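Participant: sharing a model that was predicted from the sequence below.
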Amino acid sequence: MKLPLLNGCILRAAGACLFMLTCLENPAHAQELTANAVTQGKSPAALFKVNSTLFFTAEDAIHGRELWRADGSEAGTELVKDIFPGSAGAAPANFVHVNGTLFFTAEDGTHGRELWKSNGTAEGTGLVKDIAPGAGSFGLTQFTPVNGRLFFLVDDGTNGPVIWVSDGTASGTQPLWASLGLEAAELTAANNQLFFTATDATHGRELWKSDGTDAGTTLVRDIVPGPTGSNGEIAYRQYLTAVNGTLYLVADSVWEDSGVAFPAIWKSDGTEAGTVLVYDAAGDPYFPPKELTNVNGTLFFSTDSPLCRCSDVWYTDGTPAGTHRIAGFQGAGYVGFQGKTFFSGADPTGNPSIPVHERELWYTDGSQAGTQLLKDIRPGTYEEYTNDGTLEVRYGSFPENLTVVNDWLFFTADDGVHGRELWKTGGAESNTALVADLNPGAASAEAASLVDLNGVLFFTAQDGTNGMNIWKYDPNVSTVCQATGTITREFWSDVPGHRINNIPVDTEPTSISSLTSFETPSNVGNNYAQRIRGYLCAPATGHYTFFIASDNDGELWLSSDEEPANKRRIAYMRDYAKPQQWNKYASQQSKPVALEAGKKYYIEALHKEGGGSDNLAVGWLTPDAGSAAPVVIPGSVLSPFLINSIARTSEESGAPENVTMKAFPNPFFGNLRVQFGSEQSGQGLLQLYNLQGQVVRSIWQDALLAGQEIELEMNGADLPPGLYVLRLVQGNQYHHLKVVRQP
């Protein structure tokens, strides 16, 4: 089931010739969003990538919950094997892969929950070994691939967890009896070795390692000598984490002058001499470092303060001098993206228990000044304590599931309007946006299991109607805006003054014309005003710098999207400048603005001429401009703004004979059905405008073939009553049709 996201609308097939349109609020720019029809109603979960195959579990009435696979297409989505025949289901879990083979636990109705493997085919899916003979089951956990083998813990309920190692065969799946009684935990691979923490009567809980043999399973270092162990009296988690072949962990450091043990950051190369303290000033006896995360070869971690409900974010290169506190944040979910580290964080105020911004998306370049809030998606903070002593969360979007796919960082967040939905960012506030309100309104889509498969995002979500499903979002497929080569110029004559606020923008202009570039004729008269506005189609993704030069006053405004309501002033001119004199005043130049290739942006310039010479030009530097001088924005990236007079056109004004369009019922109250076709082939765009010339629906955008007739149904029940204009554009031809939304 393909759902092309078209500037806010989802096109749903509802028959051979009819398509139902569902419009989404505030979506990202048009891209392909697809729900997998094969998994609809099967509650898919636990998406896991192995090479180019997506494994997951799904449930139906015939097979129960079993192992499924997909190659990214509906045709390639299928049941791998009915491991537990019948409706009970094998309930596969604990997915991990070793050299391209999927390992997991499952029940087949005969052996209990055991270790299985699969290559994605029914024939290649089978039981590895019946570790608990017969129908019984042991606890199998912490599956860790190391150098082509799988290590995991087996707890028989009597002897405690024992490390096992498997090469994928029954005979090659054996226990490491040297780990018996050690209460092994936190299995972690680093430098082709297995590291773990373990406890014995002599050393307490310390760092151990294993090469997969009993003889090679040994203590690495007795960090805190004696039976107390190195993870303190409160037995904290030690966060074993591999970074560039080195193992990092949290362990106690004993201060020599006091004998008091404080949690600190350590590292190890697997030898006693190479297990050393990195930094011990970050910890507190009852608030050890946590959230150790490898971010593109750098270790990030957090520390809590004993004085408040707040944290510090740190990073280290493995040396004391290279360990730095970035800022006082509550940080979690660190992900490397575009040379920076992004995370979900909250920043404290003067009252450290109440942050300025509750959990939002932040980024850092490793410096205090370079640690910034990306976007306050849901502004607000914590409320005070309630009468029963609980602390209520009022605001904050709480970003989760941060996942990088090529040039985009995807995550889930709750903006307080749409519920928890899928969001994305290109690394700037301007391109951080809701992808789609899959479950419309305040309800949540519960998006989870975000996976990058061959540069395409796959995830599970539910739309409120069809239950949980697998969705695909391809950030590489975009509906590119098409520039028509001109921009609209509104001109008012006999307007005294030379300030912008003298422009009578709420009155009918003296004339309306088009410009083929963002520059007006010079020295045309005195005491006039003009507004140049339309749409800019960004030719490439990157940062643009804009300039304005005018005589007299001028202002340049740019929207974050195609909506005029979202415009903001980015540059201005007071007094006068010569034509294309871009550098007379600093205010003439904007800060760098991040734009996305193929996305349409509303742009507007205001100009007021008093007396004497007069001119207006808007220029830019594109991302690849280098040291070049600014140039006037060309018509090749511009499209005109439809002025109010569009609503006064005849029902079919501007319509070439080979384009047809009808709409019924007209007037309409709820659904409006639109039929259109053309005698020539080309890209088509259908939009609905209000009387202010603003786009209120981008209804359809696709190839329109010669002789093809398309019928769409738009739900307009949420539109205010009044007159609207449907505008169909194909190439340089267009067609208008008036429609009325009745009260």
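Facilitator: Yes, it's here. Numbers count the residues shown, from 1 in each chain.
Participant: three-state assignment of the residue nearest the centre of the chain?
Facilitator: The centroid of the chain falls nearest to Phe410 when counting by C-alpha atoms, centre = their mean (1.7 Å). Using DSSP: H, G, I helix; E, B strand; the rest coil, the structure places Phe410 in strand.
Participant: quick one: contacts for it?
Facilitator: Asn401, Leu402, Thr403, Val404, Leu422, Trp423, Lys424, Val435, Leu450, Leu457, Phe459, Tyr473 (C-beta atoms under 8 Å, 6 or more residues apart in numbering). Any C-beta I mention is one placed from the backbone N, CA and C, and that applies to glycine too.
Participant: quick check: Trp700 touching Gln683?
Facilitator: No. With contact defined as C-beta atoms under 8 Å, Trp700 does not reach Gln683; the gap is 11.0 Å.
Participant: okay, the two: which has more neighbours?
Facilitator: Trp700 (23 against 14; other C-beta atoms under 10 Å).
Participant: look up the closest residue to that one, ignoring the ones flanking it.
Facilitator: On the basis of C-beta to C-beta, 6 or more residues apart in numbering, the spatially nearest residue to Trp700 that is not a chain neighbour turns out to be Leu686, at 4.3 Å.
Participant: partner strands of the strand or helix carrying the one you found, with direction?
Facilitator: Element membership of Leu686, judged by DSSP states H and E, is strand 682-689. When pairing is defined by DSSP bridges, strand 682-689 lines up against strand 695-704 (antiparallel), strand 722-730 (antiparallel).
Participant: before we move on, the earlier item: show me what the residue nearest to the centre of the chain bridges to in the sheet.
Facilitator: Applying DSSP bridges to Phe410 gives these bridge partners: Thr403, Lys424.
Participant: now do the SS call for Asp214.
Facilitator: Secondary structure, three-state DSSP: Asp214 is coil.
Participant: what's the burial count for it?
Facilitator: Asp214 is flanked by 14 other residues according to other C-beta under 10 Å.
Participant: which SSE is the closest residue to Pro379 other than its chain neighbours in?
Facilitator: What sits nearest to Pro379 in space, not counting adjacent residues and going by C-beta to C-beta, 6+ apart, is Tyr395, at 6.2 Å. If you go by DSSP H and E, Tyr395 is not part of any helix or strand.
Participant: measure Tyr395 to Gly333 for me?
Facilitator: Separation of Tyr395 from Gly333 (C-beta to C-beta, to the nearest Å): 19 Å.
Participant: more crowded one of these two?
Facilitator: More crowded of Tyr395 and Gly333, by other C-beta under 10 Å: Tyr395, with 20 against 17.
Participant: OK, contacts around Ser179?
Facilitator: Contact analysis of Ser179 by C-beta under 8 Å, 6+ apart lists Pro161, Val162, Ile163, Ala198, Ser210, Thr217.
Participant: with neighbour count, secondary structure and distance to Asn296 added, can I get these in JSON lines?
Facilitator: Converted to JSON lines, the contacts of Ser179 look like this (neighbours: other C-beta atoms under 10 Å; DSSP: H, G, I helix; E, B strand; the rest coil; distance: C-beta to C-beta, whole Å):
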{"residue": "Pro161", "neighbour count": "25", "secondary structure": "strand", "distance to Asn296": "32"}
{"residue": "Val162", "neighbour count": "21", "secondary structure": "strand", "distance to Asn296": "35"}
{"residue": "Ile163", "neighbour count": "26", "secondary structure": "strand", "distance to Asn296": "30"}
{"residue": "Ala198", "neighbour count": "25", "secondary structure": "strand", "distance to Asn296": "30"}
{"residue": "Ser210", "neighbour count": "24", "secondary structure": "strand", "distance to Asn296": "28"}
{"residue": "Thr217", "neighbour count": "22", "secondary structure": "coil", "distance to Asn296": "32"}
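Participant: next, the buried residues of the strand or helix carrying Phe547.
Facilitator: Per DSSP H and E, Phe547 falls inside strand 542-551. Across strand 542-551, burial judged by 16 or more other C-beta atoms under 10 Å covers Gly542, Tyr544, Thr545, Phe546, Phe547, Ile548, Ala549, Ser550, Asp551.
Participant: picking that back up, so how far is Asp437 from the residue nearest to the centre of the chain?
Facilitator: For Phe410, the distance to Asp437 - C-beta to C-beta - is 15 Å.
Participant: how far away is the residue nearest to Trp700 from Arg673?
Facilitator: The spacing between Leu686 and Arg673, counted by C-beta to C-beta, is 13 Å.
Participant: now do Thr169
Facilitator: To Arg673, Thr169 is 63 Å away according to C-beta to C-beta.
Participant: the more surrounded of the two?
Facilitator: Ranked by neighbour count (other C-beta under 10 Å), Thr169 and Arg673 place Arg673 first, with 15 against 10.
Participant: excluding chain neighbours, what is closest to the more buried one?
Facilitator: The shortest distance from Arg673 to any non-neighbouring residue, by C-beta to C-beta, 6+ apart, is to Glu713 (5.0 Å).
Participant: wait, doesn't the one you found sit right on Gln675?
Facilitator: No. Using C-beta under 8 Å, Glu713 is not in contact with Gln675, being 10.2 Å away.
Participant: what score does the residue nearest to Thr545 when sequence neighbours are not counted have for pLDDT?
Facilitator: Sequence neighbours aside, Leu621 is the residue nearest to Thr545 in space, at 4.4 Å (criterion: C-beta to C-beta, 6+ apart). As predicted, Leu621 sits at a pLDDT of 95.
Participant: likewise Cys310?
Facilitator: The score at Cys310 is 59. That number is its pLDDT.
Participant: what's the answer for Trp164, then?
Facilitator: As predicted, Trp164 sits at a pLDDT of 97.
Participant: what of Leu18?
Facilitator: 27.
Participant: just checking, Ser230 touches Phe262?
Facilitator: No. When contacts are counted by C-beta under 8 Å, Ser230 is not listed as touching Phe262 (11.4 Å).
Participant: any shared contact partners between those two?
Facilitator: The contact lists of Ser230 and Phe262 share Asp252, where a contact means C-beta under 8 Å, 6+ apart.
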